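S.K.: Mind folding the following:
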Amino acid sequence: MTRRAPTLALLAAVGLLAACGKSGLPASTGRRPSGGSGSDRARALALARAINLTAADVPGFVATSTRSEHESPAEKRLQAKLQECVHPVSSKPVAEAGSPAFQRKAGLARATVRSEVTVNSSATAAARALAQIRSQRTRECVSGYIQRLVEVQRHPGASFGGVTVVQRTPPAPGAGGSFAWRISVPVTAHGLTIGLYFDIFGFVSGANEVTLSLSGDPIPPPAGAEKLLFALLLERTKAAEKGHTARPAAPNPHVRSS
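M.R.: I've put the predicted structure just below:
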């Protein structure tokens with residue numbers, strides 16, 4: 001739904017699906033802004049950082065460091081095509097910032113969560129991006145290229161099933177517009193099949209776009225955690241737009257260490 005946030009989330013999903021969750025989502029801070037004046041960018045970046053998730057929001061999770069993974073020429077070509085699925089028309093947001101990638105491991109189970117905020121030049125630009133990401137064409141395009149990205153991976157002894165991208169109902173009302181996806185794929189190794197899951201939620205509020213991304217294997221992210229974190233990001237966005245400080249995150253019984 002944003003120029004960069006869905007692409008980052010989708011490429012992170014590829015990392016989860018193709019690498020069986022061996023690495024977390026790429027950590028992200030403020031990226032180089034691409035539109036607006038210096039003062040506009042500074043205000044927009046401050047707003048984005050006020051909205052994003054922090055470690056206090058996800059007790060039991062730890063921030064993961066950015067890791068550089070070798071990418072083959074085929075992977076790079078397919079990733080470029082995947083970006084075109086999400087934003088075929090170039091746009092220049094005022095500012096973008098993401099939270100770190102927070103990860104938790106408990107035995108064989110693995111989970112990650114992160115958020116991303118993009119401040120656009122106008123509400124019209126944000127609404128146009130949302131319409132693009134909600135379209136069936138985008139889902140079909142994304143599903144096809146993620147499947148091809150998975151297929152070019154090499155994991156001896158493991159086989160991947162078909163990638164599915166399912167449109168879901170966002171977990172909380174109140175935004176100007178929203179979307180929800182679940183990306184999943186079965187993986188079979190040594191006679192055992194498990195599911196890999198990646199949920200992407202997003203909403204628009206005025207010119208601001210917010211994305212929440214969660215992954216889980218071998219079980220999906222808990223719905224209760226998704227609902228609470230989505231509502232928290234929405235509340236923070238509304239407060240930040242009014243120049244207020246949002247409440248600290250309440251203890252989340254669904255997102256904690258085991």
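
S.K.: Doesn't Glu96 belong to a strand?
M.R.: Yes - checked against DSSP: H, G, I helix; E, B strand; the rest coil, Glu96 lies within a strand.

S.K.: Please identify the helix or strand for Leu233.
M.R.: helix 223-241 (DSSP states H and E).

S.K.: mean confidence for that helix?
M.R.: The pLDDT scores in helix 223-241 average 94.

S.K.: and what of stretch 180-192?
M.R.: Mean per-residue pLDDT for stretch 180-192: 87.

S.K.: export that stretch as CSV, just CAs?
M.R.: Output of stretch 180-192 as CSV, limited to C-alpha atoms (Å, rounded to 0.1, in the frame of the first residue of the first chain):
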residue,chain,number,x,y,z
ALA,A,180,-4.9,-7.3,5.2
TRP,A,181,-3.1,-10.1,3.5
ARG,A,182,-1.9,-13.5,4.5
ILE,A,183,1.0,-15.0,2.5
SER,A,184,1.6,-18.7,3.2
VAL,A,185,3.4,-21.7,1.8
PRO,A,186,3.8,-25.4,2.9
VAL,A,187,7.4,-26.7,3.2
THR,A,188,8.2,-30.4,3.3
ALA,A,189,11.5,-31.7,4.7
HIS,A,190,12.4,-35.2,5.9
GLY,A,191,8.7,-36.3,5.5
LEU,A,192,7.4,-33.5,7.6
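
S.K.: Enumerate the positions of the helix holding Leu233 that are buried.
M.R.: Residues of helix 223-241 classed as buried: 225-226, 228-230, 232-238, 240 (neighbour count, 16 or more other CB atoms under 10 Å). Where you see a C-beta, it was placed from the backbone N, CA and C, and this is true even at glycine.

S.K.: Can you list the helices and strands that that helix packs against?
M.R.: If contacts are counted by 3 or more CB pairs under 8 Å, 6 or more residues apart in numbering; DSSP states H and E, helix 223-241 sits against helix 38-51, strand 109-119, strand 192-205, strand 208-217.

S.K.: In CSV, list these along with distance to Arg128 and mean neighbour count.
M.R.: Listed next are the helices and strands packed on helix 223-241 as CSV, based on distance: least, CB to CB, whole Å; neighbours: other CB atoms under 10 Å:
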stretch, distance to Arg128, mean neighbour count
helix 38-51, 18, 18
strand 109-119, 13, 26
strand 192-205, 10, 22
strand 208-217, 11, 26
